[in-house]
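J.: Structure here, sequence nowhere to be found:
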């Protein structure tokens, strides 16, 4: 039951952080979970609520490229690690730039 409530809480936290970001600034959404409900689903809802105000950035840093997961529908990448692939904890992160 507690896991089911996390995406809504994460969405509210992301909205609160986004409200503090000026145009040109960045907010990073980062969770230590492999669950799509807490990753892409939260990101999709955020981008819909803030359409035209935030854009998902591409991961350009060479050291992070092995962990980049393209999200073409949003024009950027998320960072995603998997325990069974990377010998790291599962993790998800999205860097969002405020554009308007």
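T.: Right, received. Where do you want to start? Predicted, not measured: the structure shown is a model, and the values here were computed from it.
J.: Flag the shaky bits of this structure, pLDDT-wise.
T.: Counting by pLDDT under 70, the chain shows low-confidence ranges at 1.
J.: what's the single longest strand in it?
T.: If you go by DSSP state E, the chain has its longest strand at strand 91-98.
J.: contacts for that one?
T.: For strand 91-98, the surrounding residues in contact (C-beta atoms under 8 Å, 6 or more residues apart in numbering) are 18, 21-34, 38-39, 43, 46, 53-57, 59, 76, 78-81. To be clear about C-beta, it is placed using only N, CA and C from the backbone, and glycine gets the same treatment.
J.: again, only this time at 7 Å
T.: With C-beta atoms under 7 Å, 6 or more residues apart in numbering as the contact definition, strand 91-98 has outside contacts at 21-33, 39, 43, 53-57, 78-81.
J.: out of these, which are buried?
T.: Using 16 or more other C-beta atoms under 10 Å as the burial test, the contacts of strand 91-98 include 27, 29, 31, 39, 43, 54-57, 78-81 as buried.
J.: As JSON lines, these with secondary structure would be great.
T.: What follows is the buried ones among the contacts of strand 91-98, written out as JSON lines (DSSP: H, G, I helix; E, B strand; the rest coil):
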{"residue": "27", "secondary structure": "strand"}
{"residue": "29", "secondary structure": "strand"}
{"residue": "31", "secondary structure": "strand"}
{"residue": "39", "secondary structure": "coil"}
{"residue": "43", "secondary structure": "helix"}
{"residue": "54", "secondary structure": "strand"}
{"residue": "55", "secondary structure": "strand"}
{"residue": "56", "secondary structure": "strand"}
{"residue": "57", "secondary structure": "coil"}
{"residue": "78", "secondary structure": "strand"}
{"residue": "79", "secondary structure": "strand"}
{"residue": "80", "secondary structure": "strand"}
{"residue": "81", "secondary structure": "strand"}
